[in-house]
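Chemist: need a 3D model of the sequence below.
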Amino acid sequence: VVSALANAARRGVLVKGGVYLEEARRLKAVALDKTGTLTLGKPVLVAHELLSNQELKATVLSAAAALSAHSAHPVSQAIAQGLAAQGVAAGNVEHFVDQPGHGVEGVVGGQRLRLISQRAAEALGLGSALLTERLAAHQAQGRSVSLLVSDTAVLALFAVADTVKDHAPEAVRELHALGVQTVMLSGDHPAAAQAVAGAAGVAEAHGQLLPGDKLARIAELQARLGPTAMVGDGINDAPALAAADIGIAMGSAGTDIAMEAADVVVMNDDLRRLPELVGLSRRVHGVLWQNITLALGIKAAFLVLAVVGGATMWMAVFADMGASLIVVANGLRLLRRAA
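Modeler: Next up, the predicted model:
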């Protein structure tokens, strides 16, 4: 087990104990977050549209820049950087509140504004058929859309696009080859989630999930498929990471809370480490049984020889230290990378 833990660490995978390494071979499903896990986590602002009075454009964009700049979420940061690149100056924000899974809000220019998802806007009674139609075109392209809203109206929409990691499709194919089902759990609109899942080859995708919804999906996957791992990087993923049979955090772009809640941390954010972890776990299981068989077999053989009077002192030394050395040498094979 120690050899395998060292092997994983060399490849940038930190496993917080041998029990998680041994349990990885039992996985039947892997749930993956979208932004920062399947995608690079570096979205860029590709479009924005004013949905209110055009004369208020400068004020609306300044408010959006202010709210987004105060959030650490990748989508918010993309909006802030995109607007800054266009020369939009951020206004002052008072009473700022960050609500993971919902969005951000604050008072800008004496008015309470929110930068939220379509689902959150609909919960406030601000949805409409026209708005849904405008959002659909962006979501069909896998874009994440945020809405700037007041208490009474939707003021503007901001669409950001992220790129699927080059190695994500390969990692997903390898997981499927190992008999592990893949599922994407995202807070984005279902259409955007489906577009990214299709590009990565993920078998099943669910969108518009709050942290509690992701937690419920993990429980459903465990009941339906069996042992389930959760892979994520954000605060929104922490409850699901803690509830999964094995929680796996992306270490490079991941938040401290996600890494604390996880059982395994992939320091280089390479999803190909996931099938390698499952494969390594299966090798560990095989070597453990080989070692148990060798140790007990040698001692059983010596015991039989001792009973019939054929045992010698050197046989006793071999049955004790020799068996230990064989077991250690066999275990050290796990230091080598699997072919």
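
Chemist: which residues in the stretch 51-200 of the chain form helices?
Modeler: 57-69, 74-85, 118-123, 129-139, 168-177, 190-200 (DSSP state H, counting those that start in this stretch).

Chemist: turn these into CSV, including mean neighbour count.
Modeler: Quick note: C-beta positions are derived from backbone N, CA and C, even for glycine. As requested, those are exported to CSV (neighbours: other CB atoms under 10 Å):
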stretch, mean neighbour count
helix 57-69, 22
helix 74-85, 21
helix 118-123, 19
helix 129-139, 15
helix 168-177, 18
helix 190-200, 21
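
Chemist: and residue 323, which of those helices is closest to it?
Modeler: Ranking the helices of the stretch 51-200 of the chain by their distance to residue 323 (criterion: CB to CB) puts helix 168-177 first, at 36.2 Å.

Chemist: now do that closest one against helix 190-200, angle only.
Modeler: Regarding helix 168-177 and helix 190-200, their directions subtend 80 degrees when assessed with axes from the mean of the first three to the mean of the last three CA atoms, to 10 degrees.

Chemist: mind giving me the packing neighbours of helix 168-177?
Modeler: In terms of contact count using 3 or more CB pairs under 8 Å, 6 or more residues apart in numbering; DSSP states H and E, helix 168-177 is assigned the packing partners strand 181-185, helix 190-200, helix 273-307.

Chemist: paired strands for the shortest one, with orientation please.
Modeler: Looking back up the chat, that one is strand 181-185. Its sheet considered, strand 181-185 pairs with strand 29-32 (parallel), strand 204-206 (parallel) by DSSP bridges.

Chemist: where does the protein dip in pLDDT?
Modeler: Residues of the chain that meet the criterion pLDDT under 70 lie in 54-55, 253-254, 337-339.

Chemist: what about stretch 39-56, how long is it end to end?
Modeler: Between the opening and closing residues of stretch 39-56 there is a gap of 34 Å (CA to CA, to the nearest Å).

Chemist: pull out the buried residues from it.
Modeler: Buried residues in stretch 39-56, counted by 16 or more other CB atoms under 10 Å: 39, 40, 41, 43, 45, 48, 51, 52.

Chemist: can you list contacts of it?
Modeler: With contacts defined as CB atoms under 8 Å, 6 or more residues apart in numbering, stretch 39-56 is touched by 35, 57, 60-61, 64, 74-75, 78-79, 81-83, 131, 134, 138, 143-144, 153-165, 168, 196, 233, 250, 253.
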